[in-house]
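**Student:** just the structure for this:
(2 chains)
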Amino acid sequence: MPTDMPNDNPRPDSSPDMDETVSDSAPEPVSANGQADPDDAAAAPPKADPSVRPKIEIQDLNFWYTDTHALKGITMNVKPHQVTALIGPSGCGKSTLLRCLNRMNELIDGTTLEGDIQVDGQDIYAPDTDPVMVRRRIGMVFQKPNPFPKTIYKNVAWGAQINGYTGDMDDLVERSLRQAALWDEVKDQLHSSALNLSGGQQQRLCIARTLAVQPDVVLMDEPASALDPIATSKIEETITELKSDYTIVIVTHNMQQASRISDETAFLYMGRLVEMNPTEKLFTRPEKDRTEAYVTGRFG
Amino acid sequence: MESSSNGTFHLRRTRRKRIGMILAGVLFLATILGIVVLVTLLVDVAMQSRAWLDMQFLNSLPSRFADQAGIKPALYGSLWLMGLTALISVPLGVASAVYLEEYARDGWFLQLIQINIANLAGVPSVVYGILGLALFVRFAALGQSLLAGALTLSLLILPIIIISTQEALRSLPTGLRESAYALGATRWQVIWSHVLPNAAPGIFTGVILALSRAIGETAPLILIGALTFVPFLPQSAMDQFTALPIQIFNWTARPQDEFRGLAAAAIVVLMILLFAMNLSAILLRDYFERQTAGE
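**Tutor:** Numbers count the residues shown, from 1 in each chain, chains lettered A, B, ... in the order given. Model (predicted):
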């Protein structure tokens, strides 16, 4: 368990940092379940009821970009088949946190991660866990629509192909495009370039591409921030529909969006988790002053 | 002139426009100067070669009689050299660049390698000739063969290929790699399906520039002992050879006037070869650009 490896910690000064977390105005870690102490929840997850068992459990997560301590002692849970929104001002660490969940950050030189992230009870940072398999199970849609410079069909099929999908590929492509609400718009041009699509269509293609490898969890990093309002609402509809099949974690700087589509919301500030609660509660009756200041637009 | 509370604007539009026009003129002259010199050279060479450039010239072996002399062995030698050099240097250079950009961890060792590659790109070609003579001709006992020549030229252009390939890899958007990784691709799958195809246009441009440099090299070939008089065609990579630049050098060194015409004709052939290489590079680049546009 990475949490048991303080010797590997390249910066011994992290401990005072984490103590500070407790004494600071910022959180006693807030349980995603709204129940009990999260430490207990992680130690003895209620296995009997799958609807209560969190999909993702994050324990005391610390993250550094070379010299920048970007995430400080994050502890939170993500429930299955829900949309969990991460909000906070620019640079608060919400995208970094998201990218820790599918081991995307380790592609960047000089980053260090400490702490424990479990998905379905499995430590995704365990030494014998293959990051490639983690990313196959936990898909990601990026801020800027970034389809491959290939045909629409190949965009969707590639991920399944490299992962050895043996079923009917045409079928999978159609199903994925339908799930992403793009099929009707592109069914007659599957073999033309994805780059000819509009920005909103490209982003839905990226969602379809992610769904084609049949992940459990879909991470979305401000998926609509580069899109116009109409494209944005289409993406939001898609996200809401995907909830029944996937667990979705979405980073957004748009608080209306978070309140529209998410079930739970986590507010991050300067690398710390300030508050995590059901979305409605967080926006209407926040527990922390800083959360209230942010959601009412007094800062950030 | 409008004035504000802080001061006055002196727009001086005429003056600024005039400076802009003068600068544009200077830049235009700088461009023209280079082209004029090049065109003069080409025209002069073409004029001199007129009487000599014919099929007989392309098809004949060298001779000490100017009217019977031809460049067939040199032309074949150059084509052989380019083919072998490309076969050796392109896979090696691209592989090194992919390793350095996609695999190697940043650190002092990588920096050291980078600095050395950059330095090697600037080492005079004669030095590579000396290295080739010691390493390939003598030590590896390849003799004064096409293979020894191609290996030497490969060493010479490897740094150029590596550096230009690295540039091509670096210029790809990070989103391309990340989105492929996010689908559960291995490093190699990302490189093979996305990185290399998208970098191909840039890689080809670099490769052709490098090969264009290699085809004109004379000094290293002379050092490793390419012959100046080769009355036969190379049959294998182990044969002795001559190449166009060496033939040109040899002819210009002769006292008789006719040989200068022969040299000019050989230069024209070399230029056409070079032009053909560049053209094929552009066509290949366009092809890959269309491929990666998904059409």
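
**Student:** the residue in the stretch 51-200 of chain A positioned nearest to chain B: which element?
**Tutor:** Chain B sits closest to A:Arg136 of the stretch 51-200 of chain A, with a gap of 2.8 Å, by Cβ to the nearest Cβ. Where C-beta positions appear, they are placed from N, C-alpha and C, glycine not excepted. Secondary structure from DSSP states H and E places A:Arg136 in helix A:131-137.

**Student:** what's in contact with that helix?
**Tutor:** By Cβ atoms under 8 Å, 6 or more residues apart in numbering or on different chains, the list of residues contacting helix A:131-137 from outside reads A:102-104, A:106, A:119, A:124, A:163, A:213, A:215-217, B:181-186.

**Student:** same thing but at 7 Å, please
**Tutor:** A:102-103, A:106, A:124, A:163, A:213, A:215-217, B:181-182, B:184, B:186 (Cβ atoms under 7 Å, 6 or more residues apart in numbering or on different chains).

**Student:** for stretch B:39-51, same thing?
**Tutor:** Contacts for stretch B:39-51 (Cβ under 7 Å, 6+ apart): B:260-261, B:264-265, B:267-268.

**Student:** apply 10 Å and report the result again.
**Tutor:** B:32, B:53, B:57, B:67, B:258, B:260-271 (Cβ atoms under 10 Å, 6 or more residues apart in numbering or on different chains).

**Student:** filter the residues you listed down to the ones in helices?
**Tutor:** B:32, B:57, B:258, B:260-271 (DSSP state H).

**Student:** can you turn the buried part of the residues you listed into a PyMOL selection?
**Tutor:** For the buried members of the ones in helices among the contacts of stretch B:39-51, the matching PyMOL selection, counting by 16 or more other Cβ atoms under 10 Å in any protein chain shown, is:
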select buried, chain B and resi 57+260+261+262+263+264+265+266+267+268+269+270+271
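
**Student:** list the contacts for whichever residue of the stretch 201-300 of chain A sits closest to chain B?
**Tutor:** Of the stretch 201-300 of chain A, the residue with the smallest distance to chain B, taken as Cβ to the nearest Cβ, is A:Val213 at 5.4 Å. With contact taken as Cβ under 10 Å, 6+ apart, A:Val213 is in contact with A:135-137, A:139, A:156, A:158-163, A:165, A:172, A:176, B:182-185.

**Student:** and it, what's its pLDDT?
**Tutor:** The score at A:Val213 is 94. That number is its pLDDT.

**Student:** tell me where the model's unsure across the chain.
**Tutor:** Here I'm looking at chain A. A:1-52, A:300 (pLDDT under 70).

**Student:** please go with chain B instead
**Tutor:** B:1-5, B:292-295.

**Student:** which strands or helices does the strand or helix carrying B:Ala95 pack on?
**Tutor:** Element membership for B:Ala95, per DSSP H and E: helix B:72-98. With contacts taken as 3 or more Cβ pairs under 10 Å, 6 or more residues apart in numbering or on different chains; DSSP states H and E, helix B:72-98 sits against helix B:55-59, helix B:108-120, helix B:146-170, helix B:196-215, helix B:219-223, helix B:244-252, helix B:257-292.

**Student:** got the buried residues for it?
**Tutor:** Buried-residue list, helix B:72-98, by 16+ other Cβ under 10 Å: B:72-78, B:80-82, B:84-86, B:88-90, B:93-94, B:96-98.

**Student:** with stretch A:176-196 instead?
**Tutor:** Quick answer for stretch A:176-196 (16+ other Cβ under 10 Å): A:176-177, A:179-183, A:185-186, A:190, A:193-195.

**Student:** equivalent analysis for stretch A:132-150, please.
**Tutor:** A:132, A:134-150.

**Student:** before we move on, back to that, which one is the residue of the stretch 201-300 of chain A closest to chain B nearest to, not counting chain neighbours?
**Tutor:** A:Gly159 (4.2 Å; Cβ to Cβ, 6 or more residues apart in numbering or on different chains).

**Student:** the one you found contacts A:Gly139, doesn't it?
**Tutor:** Yes. If you go by Cβ atoms under 10 Å, A:Gly159 and A:Gly139 touch, sitting 8.4 Å apart.

**Student:** find residues that contact each of those two.
**Tutor:** In contact with both A:Gly159 and A:Gly139: A:209-215, B:182-184, using Cβ under 10 Å, 6+ apart.

**Student:** now chain B against chain A: closest residue?
**Tutor:** For chain B, Cβ to the nearest Cβ, closest residue to chain A: B:Gly184, 2.8 Å.

**Student:** so that residue sits in a strand?
**Tutor:** No. Using DSSP: H, G, I helix; E, B strand; the rest coil, the assignment for B:Gly184 is coil, not a strand.

**Student:** skip the chain neighbours and tell me the closest residue to it.
**Tutor:** A:Arg136 is the one closest to B:Gly184 (Cβ to Cβ, 6+ apart), at 2.8 Å.

**Student:** so the residue of chain A most remote from its centre, which state does it fall into?
**Tutor:** The C-alpha centroid of chain A is most remote from A:Asp188, which lies 32.5 Å away (Cα atoms, centre = their mean). For A:Asp188, the assignment made with three-state DSSP gives coil.

**Student:** A:Gln214 too?
**Tutor:** Following three-state DSSP, the label given to A:Gln214 is coil.
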